[in-house]
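Chemist: sharing a model prediction with you, sequence too.
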Amino acid sequence: MEKLEDKLFTVRNKKDEGHPHIRILDDTVCAEKCDGKYCNHFCPAGVYVWDADLKRNLVSYENCIECGACAIGCPFGNIDCETPRGGYGVQFKYG
């Protein structure tokens, strides 16, 4: 069985610097209300990592596979995830 890391290696994500397709709407919601840090667990591509020192999620946009799990799974509706503009987002490296 192939590992997730092996599959993620076959795609790249062209980040739109001027218009990120993922936004955490309010860092204080994550820090003060969300005990489970759920997005850190249900994102299949490991986009979100909680930084306890900064008291916020670090977002690795380049890992995103645009599955939409973050927009559905956040119990507080604190993640805005949209389809990237044309020419940006997930692109296959091989094929």
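Modeler: Yep, it's here. Numbering: from 1, shown residues only.

Chemist: shouldn't Trp50 be within a helix?
Modeler: No - under DSSP: H, G, I helix; E, B strand; the rest coil, Trp50 sits outside any helix and is assigned strand.

Chemist: that one against Cys43, yeah?
Modeler: No - in this structure, Trp50 sits apart from Cys43 without contact. The criterion is Cβ atoms under 8 Å, and the distance is 11.7 Å. No exception for glycine: its C-beta is placed from N, CA and C like everyone else's.

Chemist: what's around the closest residue to Leu58 other than its chain neighbours, how many residues?
Modeler: For Leu58, ignoring the flanking residues on the chain, the nearest one in space by Cβ to Cβ, 6 or more residues apart in numbering is Val49 at 4.9 Å. Using other Cβ atoms under 10 Å, Val49 has 14 neighbouring residues.

Chemist: that older thread, and Trp50 and Cys43? Which one has more around it.
Modeler: Using other Cβ under 10 Å, the more surrounded residue of Trp50 and Cys43 is Cys43, with 21 against 15.

Chemist: surely the more buried one meets Ile72?
Modeler: No - using Cβ under 8 Å as the test, Cys43 is too far from Ile72 to be in contact (10.9 Å).

Chemist: show me the helices in the protein, by range?
Modeler: Across the chain, reading from the start of the chain, the helices by DSSP state H fall at 4-8, 27-32, 39-42, 69-73.

Chemist: now mean pLDDT and distance to Gly89 too, for these, in TSV please.
Modeler: Compiled in TSV, the helices of the chain are given as follows (pLDDT from 0 to 100; distance: least, Cβ to Cβ, whole Å):
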stretch	mean pLDDT	distance to Gly89
helix 4-8	69	14
helix 27-32	96	24
helix 39-42	92	19
helix 69-73	87	14
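
Chemist: Pro84 is nearest to which of those?
Modeler: Pro84 lies closest, by Cβ to Cβ, to one member of the helices of the chain: helix 69-73, at 13.6 Å.

Chemist: in that closest one, what's buried?
Modeler: Neighbour counts over helix 69-73 (16 or more other Cβ atoms under 10 Å) mark Ala69, Cys70 as buried.

Chemist: which strands and helices lie in contact with that helix?
Modeler: Applying 3 or more Cβ pairs under 8 Å, 6 or more residues apart in numbering; DSSP states H and E, we find helix 69-73 packed against helix 39-42, strand 79-81.
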